[in-house]
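Visitor: 3D model of this:
(chains A and B)
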2 protein chains.
Amino acid sequence: MPELTRTLAEFATGSITTTPAARLVTSLSALDWIAVGRAGVEEPVSRILREMVLEEGGTARAHLFGGGAAPLRGAALVNGTVSHALDYDDTHFAHIGHPSVAVFPAVLAMAESRDAAIVELLEAALVGMELSVRVGLWLGRGHYQAGFHQTATAGAFGAAAAAGRLAGLTPQRMAQALGLTATRAAGLKAQFGTMGKPYNAGLAAAAGIEAVELVRRGFDANPLAMEGEYGFGATHHGADEMSALEGLGESWLFDQVSHKFHACCHGLHAALEAARSLDIAAPEVAQLSVRTHPRWLSVCNQQAPSTGLGAKFSYGTVLAMRALGHDTARLDSYSDALCADPRLIELRDRVEVIGDDSLSETQAHLSLLRRDGQRQEVSHDLMAPLTLAEREERVRAKAAKLIGGSLADEIWALLRTGGGAADLALRLSAS
Amino acid sequence: MPELTRTLAEFATGSITTTPAARLVTSLSALDWIAVGRAGVEEPVSRILREMVLEEGGTARAHLFGGGAAPLRGAALVNGTVSHALDYDDTHFAHIGHPSVAVFPAVLAMAESRDAAIVELLEAALVGMELSVRVGLWLGRGHYQAGFHQTATAGAFGAAAAAGRLAGLTPQRMAQALGLTATRAAGLKAQFGTMGKPYNAGLAAAAGIEAVELVRRGFDANPLAMEGEYGFGATHHGADEMSALEGLGESWLFDQVSHKFHACCHGLHAALEAARSLDIAAPEVAQLSVRTHPRWLSVCNQQAPSTGLGAKFSYGTVLAMRALGHDTARLDSYSDALCADPRLIELRDRVEVIGDDSLSETQAHLSLLRRDGQRQEVSHDLMAPLTLAEREERVRAKAAKLIGGSLADEIWALLRTGGGAADLALRLSAS
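Guide: Reported below is the predicted structural model:
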């Protein structure tokens, strides 16, 4: 077995030393994943996937977002898709994608069916998400730029690793599972903007589960199918960037994952974060200038949106929302009625947006001119780390907004104090 | 909708004019597919896939090779894998792969669940297989050479087309199904020689079914995801060879499919076919020289195999088998005992194999020196068309050897005289 798969398989099956940050952030991502998934159950793509899988029936082994239960492969497919339906889940900029929506659906289904403890579930999830981040780095930006959706591709390997760890695969069998995943992992960025995007996350979760379910029954795949001349990396425009493995098992990259704190386009987040440190209130605003990376101008700079969806792609609207006291973290804050509010329109039109290629895609700069003539300047970079305490407070607050404070607290308590994975899985269903 | 997907979707949903050859060859491929699938149910990969899907349970909508029934996605996955487990199914050299094992599992499952007639099933299968051949040509040899297994990739589009035709998709919905398949289609040649190869066929069948099942419930994918800058072709080293669409709907390429008539490596088939026109009998052979494309020397020129599996990769062994009256079409002809037979060994050692790059990969030349000093020279090219009558006779004879004459005749009668798809599906199960 050559270096890549062997190293990944040993990491995925071996004992690990976690850090408090890695443990806390994994728990936060689990809470965030459940909250975002529950909030997405009414999306049309969620309804369609649930309907297909529930009509299939079968032995109920894992709960589904929105109620009901299904066999493992179906549950992973549904829960991956549902939890990415709102595109409000976590993002890892090194992985270039969304680790939680690929890994948690696979590992929770496996944990529930095996009666595992939440602590084992979280450890396996951390290992799987870390592995998917490393695979994302190994594939590199060329893979993404060619058109592959790393949430789906790198994510599938993470899902296999996490589910296989819980299933107790040996390193040799884990290498088989990763090799089998190499022939199944798929997902194109061409689906962005369609139901195919969340489906790609479901695909990754289902692929990982399927590989593990087959390998643990004795399936022999090619354990070299990730690497080498005709392997997954080579066929899929991968960079074969072996430095991606540096420090694996000793240091953690997963805990740099970003949680989204605004229910709108990612391109607006840096500006909204910058606005948090402005004492901004509507009556005092003479003008607000936003500098942002020029790429975002074609993505999320709608001048006068008339729908809630349009509002999610409009600098002027979201910054006016904030000044007027609307909560940009809540899904229901974005509405057609909001867009028609004269106070919002008047304020929105005082926001000026300027492309500035000295900024990165994760940076924004705000310049506020108050009616009293004072000017305030603030900047934010989404890459700037939050303290652990601040992350916890903000993820829990977001979850509370999405699913209610008492349920969010209940899930958080389970994640932090243990119990069985089945207790957690029950929380996917509507109460 | 641009040209490729629109053209394919209209073909897949429109009325067609078949030819007697296309109809007959489709029926022959159906018979061949069932016979080869039934013969493969005891392979380890077949057992593993069946076990996983039967353990899932669910609403039984489609029969499985080897008994039992499952929901559509599971049935397609199992039946695709099982029918490719022996690698004894049909091959299309333009598609560069095995059209039947991707398309029939999907279309038969859909037909059975919808109570379709066999005549509709065969029409949809023909359309799906023709489409997969055209997609194979559109992707081109570069896709295959990069490492993709067209049975899995081109096959998935054919499976979606065939199943979607039976499900009554409109051209617009069919384009969505093809676009959704583009994000799911996968399969690497890196799995050749492992259980992953037949699994790739199952993947294709399952992907096609899943796309149709989602699209008919309202799933909106990107209907342009096959083509264009970031589409399936571009991401997967496709040639975008639009001449692949020439004559689509007017002329048929599917009926050039090759059926395998020997249960051994494809590289041995031209030599075995050439030997059919030699009056070869063991005692008269002084020496037999085989000229073949040099590529095969590293694939199937084992000098002294000691196992039944090794015999399937040995020119000397299979030609000696023929001279000794063993039937190379039968699976059970290849055994360890055979390899130890002194008569076979003595004869095998009189076979000389010579690489000759003036021959194509589908050609072989035999030169037989008899003990009486006479020499006979014969050649065969697998691309040389058989008459329809000869194809029918040989496919039916092969099926009879694999599953018994009466069952083969029963299936053939169903295929040629109609009836319901469910009658055919019942024949997948062990009697």
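Visitor: What segments of the stretch 251-400 of chain A are helices?
Guide: A:269-276, A:308-311, A:315-323, A:336-340, A:342-348, A:388-403 (DSSP state H, counting those that start in this stretch).
Visitor: winner for burial among the ones you listed?
Guide: Per-residue neighbour counts averaged over each of these give the maximum for helix A:315-323, namely a mean of 26 (mean count of other Cβ atoms under 10 Å in any protein chain shown). Every C-beta, even on glycine, is put in place using the N, C-alpha and C of the backbone.
Visitor: Show me the domain layout of chain A.
Guide: A:3-258+A:388-426, A:266-381 (automatic domain parsing).
Visitor: so which of those comes closest to chain B?
Guide: Closest of the domains of chain A to chain B is domain A:3-258+A:388-426, at 3.3 Å (criterion: Cβ to the nearest Cβ).
Visitor: Run through the neighbouring helices and strands of the helix or strand bottoming out on mean pLDDT in chain A.
Guide: For chain A, the helix or strand with the lowest mean confidence is helix A:308-311, at a mean of 92 (criterion: mean pLDDT, DSSP states H and E). Under the contact criterion of 3 or more Cβ pairs under 8 Å, 6 or more residues apart in numbering or on different chains; DSSP states H and E, helix A:308-311 touches helix A:315-323, helix A:336-340.
Visitor: B:Ala69 is nearest to which of those?
Guide: helix A:336-340 (48.2 Å; Cβ to Cβ).
Visitor: Please tell me I have it right and A:Ala263 contacts A:Asp87.
Guide: No. The pair A:Ala263 and A:Asp87 does not pass the contact test of Cβ atoms under 8 Å, sitting 9.2 Å apart.
Visitor: Compare those two (neighbour count), which wins?
Guide: Ranked by neighbour count (other Cβ atoms under 10 Å in any protein chain shown), A:Ala263 and A:Asp87 place A:Ala263 first, with 23 against 20.
Visitor: so what's that one up against?
Guide: Applying Cβ atoms under 8 Å, 6 or more residues apart in numbering or on different chains, one finds that A:Ala263 lies in contact with A:Leu86, A:Tyr88, A:Lys312, A:Thr328, A:Ala329, A:Arg330, A:Leu331, A:Ser333, A:Tyr334.
Visitor: Those into TSV, with extra columns for distance to B:Leu414, neighbour count and pLDDT?
Guide: Written out in TSV, the entries for the contacts of A:Ala263 read as follows (distance: Cβ to Cβ, whole Å; neighbours: other Cβ atoms under 10 Å in any protein chain shown; pLDDT from 0 to 100):
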residue	distance to B:Leu414	neighbour count	pLDDT
A:Leu86	50	19	95
A:Tyr88	53	23	96
A:Lys312	56	22	93
A:Thr328	63	21	96
A:Ala329	61	20	94
A:Arg330	60	14	94
A:Leu331	55	18	94
A:Ser333	61	19	96
A:Tyr334	58	24	95
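Visitor: Need the helices and strands packed on helix A:308-311 in a markdown table (columns: mean pLDDT).
Guide: Putting those into a markdown table (pLDDT from 0 to 100) gives the following:
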| stretch | mean pLDDT |
| --- | --- |
| helix A:315-323 | 96 |
| helix A:336-340 | 96 |
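Visitor: could those go into CSV alongside distance to A:Ala154?
Guide: Shown next, in CSV, are the helices and strands packed on helix A:308-311 (distance: least, Cβ to Cβ, whole Å):
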stretch, distance to A:Ala154
helix A:315-323, 30
helix A:336-340, 37
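Visitor: want to throw those into CSV with distance to chain B?
Guide: Formatted as CSV, the entries for the helices and strands packed on helix A:308-311 read as follows, by distance: least, Cβ to the nearest Cβ, whole Å:
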stretch, distance to chain B
helix A:315-323, 26
helix A:336-340, 21
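Visitor: To A:Glu43, which of those helices lies closest?
Guide: Comparing these by their distance to A:Glu43 (Cβ to Cβ), the top pick is helix A:336-340, with 17.6 Å.
Visitor: now the closest one, how far from the centre of its chain.
Guide: Between the centre of helix A:336-340 and the centre of its host chain there is 28 Å, according to Cα atoms, centre = their mean, to the nearest Å.
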